[in-house]
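A.B. asks: can you look at this prediction? I've put the sequence above it.
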Amino acid sequence: MEYLIPGLIVLAVLWFIFTYNSLVQARGQVKNAWSQIDVQLKRRHDLIPNLVESVRGAMGHERGTLEAVIAARNSAVGAHGVREVGAAEGELTRALGRLFALAEAYPQLRATENVSALQEEVASTENRIGFARQHYNDRVTLLNVMIESLPSNLVASLGGFRPAELFEIEVSAERDVPRVSFS
């Protein structure tokens, strides 16, 4: 009986340490997942000027579309924080979609190997961004559940852990199902 109280205290301290370390690890995984998104976004941002330059000659009179892509890219490069980056990247995605749709109307562009390769690189990067966003949101959800669940929320509040922000689609138009027409 004389060892029961000290034994419970030791178990409580060990549990606290284990829980705190688990929260630190989860927070580190969120930071790592965000850095993976950042790497893919940088890759995307680096490809866009090359793509715009490649199509500029053939689409000279489509200046507004090209300028919108560059403006959206510059806005995305300067964005900070999950919410701001999400909004800026959504606008960039829409601008690129308009550029790709317009490029389809120019047969000489479709035949240009450089433009096709750049479009493929951008599309591949979009897929990588999607996977990185999914991984990030999985890590954020895990951390947030730990922060909000009993009894780890006690350690989280003492350790100053705050919920992380999910990387969500801000624009409702991006949630719409695309329409496909063969007519």
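C.D. replies: Arrived safely. Residues are numbered from 1 along each chain as shown.
A.B. asks: going forward, measure contacts between C-alpha atoms and count neighbours the same way
C.D. replies: Noted.
A.B. asks: right, and the helix or strand after the lowest-mean-pLDDT helix or strand in the chain?
C.D. replies: Comparing every helix and strand of the chain by mean pLDDT, DSSP states H and E singles out helix 107-110 as the least confident one, with a mean of 70. Toward the C-terminal end, the helix or strand that comes next after helix 107-110 (DSSP states H and E) is helix 113-148.
A.B. asks: tell me where this protein has helices.
C.D. replies: Under the criterion DSSP state H, the chain carries helices at the ranges 4-56, 63-77, 82-103, 107-110, 113-148, 152-159.
A.B. asks: could you dump these into a markdown table with mean neighbour count added?
C.D. replies: Rendered in a markdown table, the data for those read as follows (neighbours: other CA atoms under 10 Å):
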| stretch | mean neighbour count |
| --- | --- |
| helix 4-56 | 16 |
| helix 63-77 | 18 |
| helix 82-103 | 18 |
| helix 107-110 | 14 |
| helix 113-148 | 18 |
| helix 152-159 | 16 |
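A.B. asks: contact partners for the residue sitting nearest the centre point of the chain?
C.D. replies: What sits nearest the mean C-alpha location of the chain, by CA atoms, centre = their mean, is Arg133, with 4.1 Å. Contacts of Arg133 were listed using CA atoms under 8 Å, 6 or more residues apart in numbering, and they are Ala33, Ile37, Phe167.
A.B. asks: I'd like to know how far it sits from Gly90.
C.D. replies: Computed with CA to CA, to the nearest Å, the distance linking Arg133 and Gly90 is 13 Å.
A.B. asks: quick one: low-confidence ranges for the protein?
C.D. replies: In the predicted model, the chain carries pLDDT under 70 at residues 60-61, 110-111, 169-183.
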